[in-house]
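> got a predicted model here, sequence first, then my questions.
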Amino acid sequence: MSVDPASPVSTTRPPPAVHIAEATARDAADIQALYAHHVRHGTATFETEPPPVDEMALRIAAVRDQHLPYLTARAAATGALLGYAYAGPFRARAAYRHTVEDSIYLAPQAAGQGLGTRLLADLIDRCQARGDIHQMIAVITSPGSEASVALHRRLGFQVVGTLVAVGRKNGRWLDTLYMQREIGAGTPPA
């Protein structure tokens, strides 16, 4: 899914000095810890139990094996993981191979500082550079994800639909909002 819905977009704090890089297996434990926070305390993901570190390492490898971007954002001063983002396949069927779905997760202390925008912009740039990605989809939990919707709108996404009451977490029914952005022509390699 996307940015923690409890984290409003704000421009009152300066953006942190961060280093954005491709994730590796060495990042799996930190990514798992950040994701576990969102699984336990939010609705940005519909998972209800955090996956173990080895499962997270497999997920990172699955994205990277398809030559799709999986990015980490670490504090330049401390190396602490402030967020991560990746573009995964939108659906498994072959005809969807030119469409990806983005996911972005931020540490609570990194929300509202422009890091989500930096990660998503970098993700879009890397997908465009591939030359074969045509569309990027964001599947955003609603209600409560206004910051994620605003982030995606800023970077050219449009709302294309809503699935009503399709998930149940933390004692309430949740919708999923679909947003879409064209990435490029998506011309397949010759």
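Perfect, I can see it now. Numbering: from 1, shown residues only.
> and the gap between residue 172 and residue 45?
Distance of residue 172 to residue 45, given as CB to CB, to the nearest Å: 15 Å. Bear in mind the C-beta positions are built from the backbone N, C-alpha and C, glycine included.
> ignore the last one, residue 159
Separation of residue 159 from residue 45 (CB to CB) stands at 20 Å.
> quick one, which of those two is more surrounded?
residue 45 (18 against 15; other CB atoms under 10 Å).
> quick check on the more buried one: phi, psi?
phi -120, psi 150 (degrees, to the nearest 10).
> pLDDT weak spots in this protein?
Along the chain, the model assigns pLDDT under 70 to residues 1-16, 185-190.
> apart from its chain neighbours, what residue comes closest to the residue nearest to the spatial centre of it?
Closest to where the C-alpha atoms of the chain average out (CA atoms, centre = their mean) is residue 103, at 1.7 Å. In space, and not counting its chain neighbours, residue 103 is closest to residue 86: 5.6 Å by CB to CB, 6 or more residues apart in numbering.
> so that neighbour, which state does it fall into?
At residue 86 the chain is in strand, as set by DSSP: H, G, I helix; E, B strand; the rest coil.
> helices or strands up against the helix or strand where the residue nearest to the centre of the chain lies?
Here residue 103 sits within strand 99-106, counting by DSSP states H and E. In terms of contacts (3 or more CB pairs under 8 Å, 6 or more residues apart in numbering; DSSP states H and E), strand 99-106 is packed against helix 28-41, strand 81-89, helix 115-130, strand 135-142.
> for residue 152, find the nearest of the ones you listed.
Nearest to residue 152 among the helices and strands packed on strand 99-106 is strand 135-142 (5.0 Å), distances taken as CB to CB.
> that closest one vs helix 115-130, what angle?
150 degrees (axes from the mean of the first three to the mean of the last three CA atoms, to 10 degrees).
> follow-up on the earlier one: would TSV of the helices and strands packed on strand 99-106 with distance to residue 49 be doable?
Putting the helices and strands packed on strand 99-106 into TSV (distance: least, CB to CB, whole Å) gives the following:
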stretch	distance to residue 49
helix 28-41	7
strand 81-89	19
helix 115-130	25
strand 135-142	17
